[in-house]
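Undergrad: Got a predicted model here, sequence first, then my questions.
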Amino acid sequence: MHPARFWTKEADGRLKCTLCPRFCTLRDGQRGMCFVRMRQGDHMVLDTYGRSTGFCIDPIEKKPLNHFLPGTPVLSFGTAGCNLACKFCQNHEISKSREVDSLAHEASPEMIARAARDHGCASVAFTYNDPVIFHEYALDTAAACRAAGLKSVAVTAGYITEEPRAEFFAAMDAANIDLKGFTDTFYRKLTGSEIAPVLEAIRYAVHESDCWVELTTLLIPGENDSEAELTELSRWVVEACGPDVPVHFTAFHPDHRMLGHERTPLETLLRARGIARAAGLRHVYIGNAHHIEAQSSYCAGCGVRVIGRDWHLLSDWRLDDFGGCTTCGTPFPGVIDGAPGTWGRRRQPIRMHEVS
């Protein structure tokens, strides 16, 4: 058990967790909705600190991040639990886990940083479940990574309160934030949460932190894929975040509690991309589907393809070492550090006990 931060003691003796907008109030021995933050006596603890469901080296584009150190490998890991209740969760074996025994892989923050460095990774990603709920473990690991010369990446739904939000995004070099839909009804019905804190987190990360931000929306047929909702979402991103924030529309497949829904057709993803581009977004991608044109990156100045992508395999590199288009010189938004990586499509599971 590791001490947890961000809680207060209520007048009735319960402890209130203030890490996320659920504000769970707990008596001794009770766990929050996330399942991993719990009350132990008169303190809150995080019982997944130092334990993971597994580690794997992925292409950074799989997070998905298309404008952050393209082509490089990232060491990915997560823990158990989640502070949302998404009926469509595609990592539910991990994020919805209530079996702490599934956390069979033990690793300190320093071990994770050392493993990433020894395997040639450029960054470490907190993913599979939301790093917000293992805040202390994520931040300690990010600090160890920074000391080792590595970047830190968060894949998050952004369901976090103001005080922890500031230090969370300060610790991250990049984040992909899920904007799961664009109505209160969708968030309440299908995620068991509210949209307002997510929009606040996105605005904060884009404008008040040094963290590079990309957004992802999983399109579920009949739930969040209407032209009106996609138009409103896209216009909000342009107005609230700016036209250079990359947006990924990804395909849903039947999973968890939504097995009766159909898969997202490719045509829906391409339609969403067209709507977003018409609204003024300059860098819009599709995911979980194969379409080289819609997965590639283009210069906002001259329109030339500056990064070609065939799934996660890169081609057509037309950027200089500082991220400028080699055709017209227009800066390509993101984090570019010299030549692209060559990791490609590989996925490589690793075991921490094998790390020297």
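TA: Looks like it arrived, so ask away. Numbers count the residues shown, from 1 in each chain.
Undergrad: Every contact and neighbour count from this point should use C-alpha atoms.
TA: OK.
Undergrad: Could you look up the SS state of the residue positioned nearest the centre of the chain?
TA: Note on the chain: the residue nearest the mean C-alpha position is residue 155, at 1.6 Å, using Cα atoms, centre = their mean. With DSSP: H, G, I helix; E, B strand; the rest coil as the basis, residue 155 sits in strand.
Undergrad: tell me what the helix or strand harbouring residue 111 is packed against?
TA: Per DSSP states H and E, residue 111 falls inside helix 109-118. Packing contacts for helix 109-118, counted by 3 or more Cα pairs under 8 Å, 6 or more residues apart in numbering; DSSP states H and E, involve strand 123-126, helix 135-147.
Undergrad: most packed of those?
TA: Compared across these, strand 123-126 shows the largest average neighbour count, a mean of 27 (mean count of other Cα atoms under 10 Å).
Undergrad: strands paired with that one, and their directions?
TA: Sheet pairing of strand 123-126 (DSSP bridges) gives strand 73-78 (parallel), strand 151-156 (parallel).
Undergrad: what residues does the helix holding residue 111 touch?
TA: Here helix 109-118 makes contact (Cα atoms under 8 Å, 6 or more residues apart in numbering) with 50, 74-75, 122-124, 137, 140-142, 144-145, 148, 150, 352, 355.
Undergrad: Could you identify the most distant pair in the residues you listed?
TA: Greatest spatial distance among the contacts of helix 109-118 (Cα to Cα): 50 and 122, at 21.3 Å.
Undergrad: Settle this for me: the residue nearest to the centre of the chain is touching residue 62, isn't it.
TA: No: the criterion here is Cα atoms under 8 Å, and residue 155 misses it with residue 62 at 10.6 Å.
Undergrad: Of the strands paired with strand 123-126, which is nearest residue 10?
TA: Per Cα to Cα, nearest to residue 10 of these: strand 151-156, 28.8 Å.
Undergrad: now the angle from that closest one to helix 135-147?
TA: 150 degrees (axes from the mean of the first three to the mean of the last three Cα atoms, to 10 degrees).
Undergrad: Could you list the buried residues of the next helix or strand after strand 151-156?
TA: Scanning forward in sequence from strand 151-156 by DSSP H and E, the next helix or strand is helix 162-171. Residues 162, 164, 165, 166, 168, 169, 170, 171 are the ones in helix 162-171 that count as buried (16 or more other Cα atoms under 10 Å).
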